[in-house]
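A.B. asks: Got a predicted model here, sequence first, then my questions.
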Amino acid sequence: MSPAEPLRTAGLVARMAPWALALPVLKRGMPLPRLARLMGTSRDRPRDPARERRIARVAWWVSRAQPRQFPDNCLERSLVTYRFLSLAGADPRLVVGLARNDAEIIGHAWVTIDDEPVQDQPDALARFPKLIEFGRDGVPTPESDSPLRREKPNGCV
């Protein structure tokens, strides 16, 4: 670890924490497409795999350190990861999938770079068919043929 690593990590935590605290409220008042546009950004920077791994690791820990009233949530964690990977010059995708488990439907959100999940194991995601995928600018990808591409005026999906 370089001497600058702890400072970079602390700075990243300081920038991620406000988003992690705001997202439990924002996700209840914004449709997913609008929230993805808010969190997505496009910045041209050279890719740095070490920076991308640090962002994914720090976003995981920031989401786990939430106050008890905001338990760890895959959508919130993925949105923070997605935002900061986009800012770092990566080309992340925010993916939302749904699976049926007996009588209930279970949703899951994750982030990929080059079609590889950054925080989840690929075999764990196999049970979640992709419902929608957003590019780094927060716009659904052309492959996303989902009703979620259209905003719903009355809240979250």
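C.D. replies: Received, thanks.

A.B. asks: Give me the pLDDT value at the residue nearest the centre of the chain.
C.D. replies: Geometric centre of the chain, nearest residue: residue 78, 2.1 Å, by C-alpha atoms, centre = their mean. Residue 78 carries a pLDDT value of 96.

A.B. asks: excluding its backbone neighbours, what's nearest it?
C.D. replies: With sequence-adjacent residues excluded and distances taken as C-beta to C-beta, 6 or more residues apart in numbering, residue 78 is closest to residue 109, at 4.2 Å. Heads up, the C-betas are built off the backbone N, CA and C, glycines and all.

A.B. asks: And the one you found, how far from residue 32?
C.D. replies: Residue 109 sits 9 Å away from residue 32, going by C-beta to C-beta, to the nearest Å.

A.B. asks: Need the overlap of contacts for the two.
C.D. replies: Overlap of the contact sets of residue 109 and residue 32 (by C-beta atoms under 8 Å, 6 or more residues apart in numbering) consists of residue 96.

A.B. asks: How confident is the prediction for the residue nearest to residue 78, by pLDDT?
C.D. replies: 95.

A.B. asks: if I've got this straight, it is in a strand?
C.D. replies: Yes - counting by DSSP: H, G, I helix; E, B strand; the rest coil, residue 109 is part of a strand.

A.B. asks: which residues does it contact?
C.D. replies: Contacts of residue 109 by C-beta under 8 Å, 6+ apart are 74-75, 77-79, 94-97.

A.B. asks: Please repeat the previous calculation with a cut-off of 7 Å.
C.D. replies: With contact taken as C-beta atoms under 7 Å, 6 or more residues apart in numbering, residue 109 is in contact with 74-75, 78, 94-96.

A.B. asks: I'd like these as CSV, with secondary structure and distance to residue 55 appended.
C.D. replies: Output for the contacts of residue 109, formatted as CSV (DSSP: H, G, I helix; E, B strand; the rest coil; distance: C-beta to C-beta, whole Å):
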residue, secondary structure, distance to residue 55
74, helix, 16
75, helix, 17
78, helix, 12
94, strand, 14
95, strand, 17
96, strand, 20
